[in-house]
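In: this one's sequence-less:
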């Protein structure tokens, strides 16, 4: 267990997973002075690719996980977490965490002594650099010492470290789906509409940026504009007609406009 | 008519309307060295408030619109444009434009000689400063000389001036509703979910910013992430359960997830 009074402690870390979250996280951990002692992935190829970037060891066998690390970070698909855990044997004092927004912490409860969740609240894409300093990291752990150790680790890479419980984390992840995944889909719809009419998404990018920027200091409820907010039925009717060839977009337009009309 | 060979021409401008778009536009026009000769609004109070900021004259009567200006900018609610135009008398050489994304240009055709559309593609809120330099301005006019004059005026305040026709403008406005109005509503939904569970939208703001920023260089189609993209049915099912008390949000979650599943 990592002592609280040693904030500069370098952790020995094993990464279990080589996807986007794992890749970005372990680069940040390494940059902060920690030691990535091993990377595991289901395939030799992806484990090897990430390990060579980090100049460390790799394995494609959970039986060969290095037992000497301080922290084990499980960053695999939600569905795979349980199966992965069933095959791992750790020393009692080791800490094991996952990075998922949806998997409850008690997935670790039966088998491990010190465990928790290390959930970085950001969307990661391959090839797009990420500055962790501005990314909130939400922590949960089963005992105080583990929380403290995770805090030390998290604060090495982020300026916003928060403790939330598993129920809150589920809700937070749900809210993120609305703000991030669904907003991005709306951008994609806009792009389709523009491209079909000889225009480019570039025209909308300043507007998209401003819309996301406006809520920095104001509640989005106060910032709502547009035909649905004004209940401008004529414009809404004409927009629905323009979407005649896109039934799904038409449904989305209707439902979101109704929602805005009802509550904003 | 403004000469093409005089790009530094200062225009005499009358603002018809005192809402958000009118307010931000005329501040920018004035700052660029033009003369706002009059502001009209339906109520003395709002006309007077804006006029006093601009140190200019105002009226609440369309009969008293100053006839000596170069450009008349009609920036009122879409539904009100026709009624406003029916009461205005201008000199033949004057240019009249509206600023709407939805109103076709031919609303001017019967009564005016030089007319067009001056559509700044941005969301404006009272009290939030706007830098027009980065705001695309979409122009349309009924003759070349008017286009040229509007271009000179637009380029005084914006670095992105584009000509698009009325059909394109309608589609552009529709696309903007998806990217801007609807995204903002999704942010509001997120805020509700977070507040109901003892959390704050601040946690999501870096993610929202990153999501809007990621599409600067990449098509949103390529940037899509999340449970619907992965077709992670278990997570989607659990999210729908969490929304049991918000039937509208539940419907929105379903519909947008289906859309992502179908096409991204």
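Out: It's in. Being a predicted model, the structure only gives us computed values, none of them experimental.
In: what residue ranges in chain A score low on pLDDT?
Out: Counting by pLDDT under 70, chain A shows low-confidence ranges at A:1-8, A:125.
In: Break down it into its helices, ranges please.
Out: A:20-31, A:44-54, A:81-86, A:144-157, A:166-176, A:183-195, A:205-214, A:220-223, A:227-230, A:233-242, A:247-263 (DSSP state H).
In: List the buried residues of stretch A:142-153.
Out: A:142, A:145, A:146, A:147, A:148, A:149, A:150, A:151, A:152, A:153 (16 or more other CB atoms under 10 Å in any protein chain shown). For every residue, glycine as well, the C-beta is placed using N, CA and C.
In: contacting residues around residue A:92?
Out: residue A:113 (CB atoms under 8 Å, 6 or more residues apart in numbering or on different chains).
In: what about stretch A:235-245, near chain B?
Out: Yes: against chain B, stretch A:235-245 shows contacts by CB under 8 Å from any CB of the partner chain at A:235, A:238, A:239, A:242, A:243.
In: which residues touch the second one?
Out: When you say that, I think you mean residue A:238. Residue A:238 makes contacts with B:102, B:170, as judged by CB under 8 Å, 6+ apart.
In: Go again with 7 Å.
Out: Neighbouring residues of residue A:238 by CB atoms under 7 Å, 6 or more residues apart in numbering or on different chains: residue B:102.
In: cool, and the last one?
Out: Taking CB under 7 Å, 6+ apart as the definition of contact, the neighbours of residue A:243 are A:249, A:250, A:253.
In: give me that answer again for 8 Å
Out: A:249, A:250, A:253, B:174.
In: now swap in residue A:185 and tell me
Out: Contacts of residue A:185 (CB under 8 Å, 6+ apart): B:220, B:224, B:228, B:256, B:259, B:260, B:264.
In: As TSV, the residues you listed with distance to chain A and neighbour count would be great.
Out: As requested, the contacts of residue A:185 are arranged in TSV below (distance: CB to the nearest CB, whole Å; neighbours: other CB atoms under 10 Å in any protein chain shown):
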residue	distance to chain A	neighbour count
B:220	4	24
B:224	6	20
B:228	6	26
B:256	5	27
B:259	5	21
B:260	5	22
B:264	6	18
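In: Residue A:90 and residue A:108 touch, don't they?
Out: No: judged on CB atoms under 8 Å, residue A:90 makes no contact with residue A:108 at a distance of 10.3 Å.
In: what residues do those two have in common as contacts?
Out: residue A:96.
In: Tell me which of the two has more neighbours.
Out: More crowded of residue A:90 and residue A:108, by other CB atoms under 10 Å in any protein chain shown: residue A:108, with 23 against 19.
In: tell me the contacts of that one?
Out: Contacts of residue A:108 by CB under 8 Å, 6+ apart are A:85, A:96, A:98, A:115, A:116, A:142.
In: Get me the contact residues on the stretch 1-150 of chain A for chain B.
Out: Checking the stretch 1-150 of chain A against chain B by CB under 8 Å from any CB, the hits are A:77-79, A:102, A:121-125, A:128, A:130, A:134-136, A:138.
In: Out of those residues, give me the two with the largest separation.
Out: The distance between the two most remote of those (CB to CB) is 29.7 Å, for A:79 and A:134.
In: who are the neighbours in contact with residue A:157?
Out: By CB under 8 Å, 6+ apart, the neighbours of residue A:157 are A:28, A:29, A:31, A:32, A:132, A:133, A:137.
In: how close does it sit to residue A:31?
Out: Separation of residue A:157 from residue A:31 (CB to CB, to the nearest Å): 8 Å.
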